[in-house]
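Participant: For reference, the sequence and a predicted model appear below.
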Amino acid sequence: MKRKYLYIFVSLILVFSMFVGCSPADPDTSEPSNQTNPVSEPAENGDTFKVGAILPLSGANAHEGEVCQNAMEFAKDKINEAGGIAALGGMKLEIVYGDHQANAQTAITETERLIVNENVQALLGPYNSAVGYTTAPVAEKYKTPYLLNNSVADDILKQGYKWVFRANQTSSSNAVDQLSFLTELSDYGHEIKNIALVYENTEWGASAAEAIKDFAATDEYDFEVVLFESYPANTPDMTSLIIKLKNSGADVVIPESYLNDALLFMKTMEEMEVNIPVFAGGGGFTDPGFVSQAGDTAENMFILMAWSTDILEKKPEWATEFNDEFKEKYGYDFAELSSNSYQNVWVLADALERAGSTEPEEVRQAIEETDITDGYALINPYQGIKFGEVRGMTNQNIYAQMLVSQVQDGELRVVWPAELSPDDVDLRWND
């Protein structure tokens, strides 16, 4: 009899150990799961809604991650200082950060840690498109609302996800805006026929360049891509790349680069006396420090951007006030990374107000039904924020659009579209 009890006791210990020993460190995201993150109790004053933000806070993109983090904190503070989420009894937002180190596999572990261990109820991030690919399935698996920011690769949202959304622009919308601008240059007497595309070899760079290449040859644009060349991200030398560019016969070059590569690209262009006009496709060229660090090498180049101080005169007064406060606190104006990151916190807050609940499915549905046409979420030059199907992507903002700015006398000035360009700004061209 004693042996029988001993056997049962040992068996119970072994079963208990199996559950305790399960680790979320290496999740299998290949199959959907019915598991959801914990549901909060009805809100009371002083409660918080925990948001997980997965960002590159160390590694090659640590600076970009910090910019995104600063903007998220700024928006969160604005919401909390105004009383929090009124529909949830004044519930405050709390942001818990995970560092993916610009590593797509590390991001999986960090995202699952935020959901399982930190019990976050929604996700923001991750900046890098490659990380967007690996973290989106995690959010889908755990049925956690996920607002992407600055992850522009179209394919992320071509998987039919229900829980993943994107308010900012995409690689294909970037391509359409860039090619539309190049087409309209003929109105200024500058005919563009031949395009060179150079891009860093991560998911973002490749997807952005591929999108331009695909659209360029269509009847709508009819450009010829005379150079389509990748280079290793964070390369120490671009000499061979610039030689190929110099001999390409391109009328314009579109580089897709993060900050360090963007600076090296412009420096090498100057050193090798290559005078092909540059129309940068976002990325590191939109970093708040790019123009000052690039100096004269950037003069008169064009940059596709999500945001510029030039649009403030077209915005309500609060936008100028918020930008001034942000600059006083962090030392730089809003820019693409910060405006997109700021925007998502407000989109989430808007959804929580309409949901009146922290239950995941109700929050997800509220995000899906977003239709913002005014208010603090609209810091970007959009008509609004509304999620729908765009070029095969689901849950993509149908109103996302870009600006084209030109570096003039060391400052970025919006030159396109015309309705968002200041009256005192004219496009310049180096013949």
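Facilitator: Yep, that arrived. Numbers count the residues shown, from 1 in each chain.
Participant: Show me how the record splits the chain into domains.
Facilitator: Taking automatic domain parsing as the domain assignment, the ranges for the chain are 48-169+316-397, 172-305+403-420.
Participant: would CSV of those with distance to residue 427 be doable?
Facilitator: Placement of C-beta: from N, CA and C, glycine included. Output for the domains of the chain, formatted as CSV (distance: least, C-beta to C-beta, whole Å):
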stretch, distance to residue 427
domain 48-169+316-397, 18
domain 172-305+403-420, 5
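Participant: any idea which of those domains is most buried?
Facilitator: Per-residue neighbour counts averaged over each of these give the maximum for domain 48-169+316-397, namely a mean of 21 (mean count of other C-beta atoms under 10 Å).
Participant: Report the rounded mean pLDDT for that domain.
Facilitator: Averaging pLDDT along domain 48-169+316-397 yields 96.
Participant: so what's the backbone phi/psi at residue 172?
Facilitator: Taking degrees, to the nearest 10, you get phi -70, psi -40 for the backbone angles of residue 172.
Participant: For residue 392, see how far away it is.
Facilitator: Using C-beta to C-beta, to the nearest Å, we find residue 172 at a distance of 9 Å from residue 392.
Participant: how about residue 167, phi and psi?
Facilitator: In this entry, residue 167 is assigned phi and psi values of phi -90, psi -30 (degrees, to the nearest 10).
Participant: again with residue 134
Facilitator: Residue 134 adopts backbone torsions of phi -80, psi -20, taken as degrees, to the nearest 10.
Participant: from memory it sits against residue 102, does it?
Facilitator: No: taking contacts as C-beta atoms under 8 Å, residue 134 lies outside contact range of residue 102: 11.7 Å.
Participant: give the contact list for residue 57.
Facilitator: By C-beta atoms under 8 Å, 6 or more residues apart in numbering, the residues touching residue 57 are 65, 66, 69, 97, 99, 101.
Participant: Of those, which belong to helices?
Facilitator: 65, 66, 69 (DSSP state H).
Participant: coming back round to it: list residues touching both of residue 172 and residue 392?
Facilitator: Both residue 172 and residue 392 are contacted by residue 154, under the criterion C-beta under 8 Å, 6+ apart.
Participant: Okay, and residue 364 sits in which element?
Facilitator: Here residue 364 is covered by helix 360-368, with elements defined by DSSP states H and E.
Participant: what's whichever helix or strand comes after that helix packed up against?
Facilitator: In the C-terminal direction, the helix or strand that comes right after helix 360-368 (DSSP H and E) is strand 371-372. Counting contacts by 3 or more C-beta pairs under 8 Å, 6 or more residues apart in numbering; DSSP states H and E, the secondary-structure elements packed against strand 371-372 are strand 385-390.
Participant: partners of the strand it packs on in the sheet?
Facilitator: Strands flanking strand 385-390 in the sheet, each with its direction: strand 371-372 (antiparallel), strand 393-397 (antiparallel) (DSSP bridges).
Participant: So which of those strands is nearest residue 380?
Facilitator: The closest of the strands paired with strand 385-390 to residue 380 is strand 393-397. By C-beta to C-beta, the value is 9.4 Å.
Participant: now the helices: where do they sit in the stretch 101-250 of the chain?
Facilitator: Across the stretch 101-250 of the chain, reading from the start of the chain, the helices by DSSP state H, counting those that start in this stretch fall at 104-112, 129-141, 171-184, 203-216, 239-246.
Participant: Any figure for the gap between residue 75 and residue 201?
Facilitator: The spacing between residue 75 and residue 201, counted by C-beta to C-beta, is 33 Å.
Participant: Equivalent analysis for residue 123, please.
Facilitator: Separation of residue 123 from residue 201 (C-beta to C-beta) stands at 27 Å.
Participant: cool, residue 156 as well?
Facilitator: To residue 201, residue 156 is 18 Å away according to C-beta to C-beta.
Participant: Next: residue 324.
Facilitator: Shown here: residue 324 relative to residue 201, a distance of 39 Å by C-beta to C-beta.
Participant: same check, this time on residue 379
Facilitator: 32 Å.
Participant: now do residue 79
Facilitator: Shown here: residue 79 relative to residue 201, a distance of 38 Å by C-beta to C-beta.
Participant: just residue 323 next, same as before
Facilitator: If you measure residue 323 against residue 201 using C-beta to C-beta, the figure is 34 Å.
Participant: Also residue 270?
Facilitator: In this structure, residue 270 lies at 24 Å from residue 201, with C-beta to C-beta as the measure.
Participant: ditto for residue 259
Facilitator: Using C-beta to C-beta, residue 259 is found at 16 Å from residue 201.
Participant: Also residue 100?
Facilitator: Here the criterion is C-beta to C-beta. By it, residue 100 lies 19 Å from residue 201.
Participant: repeat for residue 282
Facilitator: Computed with C-beta to C-beta, the distance linking residue 282 and residue 201 is 17 Å.
Participant: the strands in the stretch 51-200 of the chain, which residues?
Facilitator: 92-99, 122-126, 146-149, 164-166, 194-200 (DSSP state E, counting those that start in this stretch).
Participant: any idea which of the contacts of residue 57 is the one closest to residue 298?
Facilitator: Comparing the contacts of residue 57 against residue 298 with C-beta to C-beta places residue 66 closest, at 22.2 Å.
Participant: Skipping adjacent residues, who's closest to that closest one in space?
Facilitator: Using C-beta to C-beta, 6 or more residues apart in numbering and skipping residues adjacent in sequence, the residue nearest residue 66 is residue 57, 6.9 Å away.
Participant: Out of the strands of the stretch 51-200 of the chain, which is closest to residue 350?
Facilitator: If we rank the strands of the stretch 51-200 of the chain by C-beta to C-beta, the stretch that ends up nearest is strand 146-149, at 11.1 Å.
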